[in-house]
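*Asks:* structural data only, the sequence is not supplied:
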């Protein structure tokens, strides 16, 4: 594609003389008699290089140059100043203002064309470099978005700073498991597309509820949804976890599959870190996780089941009903408590 040269000079004969010279070299030419008109032409069309006289009425070449170089959309366009002025101060002033080159009148045509070609080649190189940098920025942004999908924000920040992701111990973390009642039979009686559609709807709903209550999703395991509060910034992770669980229990039957879920919550210390090499996973481990899973398994549909340890952190906010001491696999007996959403708020099970 032909390059377009903008010729800016108040001398009509000089403008047309340059036009003939440039067109013979296969270049497109547009012309303006002063800086103001030239600026408008730059804004309206594609200009690859400007040849600008220093001394002009209305807006002189220096002013045009300053405006061009202060505009982020057009500052990359090279400007070659042409003038009868031959003092070194004018040359320095133009170059400091951002001119690509400076040629005195009368000029040598071969020299002018050589400098125009050199400036256009340099511009093309810079445009390719700018496009490459934009591609890198977009790829970096995409990579960061993928990281945020895989890891919590604090882990992403550590990765971006180049720090090693070290495992950490956290105290008083509330772990929540939510499991779909009758999911296996639903899978046997439904198409793969139907199963995935409904599971996706449920997971998206639960992700939104978790975010609302300041909980961090850890993972889904089949039809089970796992999230935690207190790893980073939850004020009272136990209260957040219970409110989150109650919202999940209430929301699940409202979805297309009309599922019921069991939710179990337990609080205590956990270890958190990143594992894997080919596929990374942020996860948590510890007895607290195992107990939360067992508490969920022992619960009733449509109910949030709490461990006795959870009750100590709720500050009297809820009035759960004791289910007595329930045997938990690998843990022996533990007193559990039950809550479910009511028509006008939270109440104990009757």
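*Replies:* In hand now; what should we look at? Since this is a predicted model, take the numbers as computed values, not measurements.

*Asks:* what about the closest residue in space to residue 183 that isn't next to it in sequence, neighbour count?
*Replies:* Sequence neighbours aside, residue 223 is the residue nearest to residue 183 in space, at 4.0 Å (criterion: C-beta to C-beta, 6 or more residues apart in numbering). Bear in mind the C-beta positions are built from the backbone N, C-alpha and C, glycine included. Residues near residue 223, counting by other C-beta atoms under 10 Å, number 21.

*Asks:* thought residue 223 was touching residue 185?
*Replies:* No: counting by C-beta atoms under 8 Å, residue 223 sits too far from residue 185 to count as a contact (11.5 Å).

*Asks:* quick one: end-to-end length of stretch 83-97, please.
*Replies:* Stretch 83-97 has an end-to-end distance of 16 Å (criterion: C-alpha to C-alpha, to the nearest Å).

*Asks:* what's the offset of that stretch from the middle of its chain?
*Replies:* 46 Å (C-alpha atoms, centre = their mean, to the nearest Å).

*Asks:* equivalent analysis for stretch 82-99, please.
*Replies:* 45 Å.

*Asks:* stretch 177-196 too?
*Replies:* 33 Å.

*Asks:* please apply the same query to stretch 251-258.
*Replies:* 31 Å.

*Asks:* contact partners of it?
*Replies:* Stretch 251-258 is contacted by residues 180, 186, 197-198, 201-202, 205-206, 209, 259-261, 302 when judged by C-beta atoms under 8 Å, 6 or more residues apart in numbering.

*Asks:* state the mean pLDDT of the longest strand along the chain.
*Replies:* Longest strand in the chain, counting residues (DSSP state E): strand 261-275. The average pLDDT within strand 261-275 is 93.

*Asks:* what's the following helix or strand after that strand?
*Replies:* strand 281-285 (DSSP states H and E).

*Asks:* so which of the contacts of stretch 251-258 are in helices?
*Replies:* Using DSSP state H, the members of those that fall in helices are 186, 197, 198, 201, 202, 205, 206, 209.

*Asks:* now, of the residues you listed, which are buried?
*Replies:* 186, 198, 202, 205, 206, 209 (16 or more other C-beta atoms under 10 Å).

*Asks:* now do the contacts for the first one.
*Replies:* Residue 186 makes contact with 180, 195, 198, 257, 259 under the criterion C-beta under 8 Å, 6+ apart.

*Asks:* can I take it that residue 338 is in a strand?
*Replies:* Yes: assessed with DSSP: H, G, I helix; E, B strand; the rest coil, residue 338 lies in a strand.

*Asks:* that older thread, just give me the closest of the contacts of stretch 251-258 to residue 309.
*Replies:* residue 261 (22.0 Å; C-beta to C-beta).

*Asks:* want to try JSON lines for the ones in helices among the contacts of stretch 251-258, with pLDDT and distance to residue 325 as columns?
*Replies:* Formatted as JSON lines, the ones in helices among the contacts of stretch 251-258 follow (pLDDT from 0 to 100; distance: C-beta to C-beta, whole Å):
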{"residue": "186", "pLDDT": "93", "distance to residue 325": "32"}
{"residue": "197", "pLDDT": "95", "distance to residue 325": "41"}
{"residue": "198", "pLDDT": "95", "distance to residue 325": "36"}
{"residue": "201", "pLDDT": "95", "distance to residue 325": "37"}
{"residue": "202", "pLDDT": "95", "distance to residue 325": "32"}
{"residue": "205", "pLDDT": "96", "distance to residue 325": "34"}
{"residue": "206", "pLDDT": "96", "distance to residue 325": "30"}
{"residue": "209", "pLDDT": "96", "distance to residue 325": "30"}
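
*Asks:* with respect to residue 245, which of those residues is nearest?
*Replies:* Using C-beta to C-beta, the ones in helices among the contacts of stretch 251-258 come closest to residue 245 at residue 209, 9.0 Å.

*Asks:* surely the closest one meets residue 250?
*Replies:* No: applying C-beta under 8 Å as the test, residue 209 and residue 250 come out as separate, 9.4 Å apart.

*Asks:* quick check, central residue of the protein?
*Replies:* The centroid of the chain falls nearest to residue 145 when counting by C-alpha atoms, centre = their mean (4.7 Å).

*Asks:* how many residues are close by residue 16?
*Replies:* Neighbour tally, residue 16, other C-beta under 10 Å: 14.

*Asks:* got the contact list for residue 81?
*Replies:* 52, 53, 54, 61, 65, 94, 99, 101, 102, 103.

*Asks:* filter these down to the buried ones.
*Replies:* 52, 53, 54, 61, 65, 94, 99, 101, 102, 103.

*Asks:* can I get these in CSV with secondary structure?
*Replies:* Below are the buried ones among the contacts of residue 81 laid out as CSV (three-state DSSP):
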residue, secondary structure
52, strand
53, strand
54, coil
61, helix
65, helix
94, helix
99, coil
101, strand
102, strand
103, strand
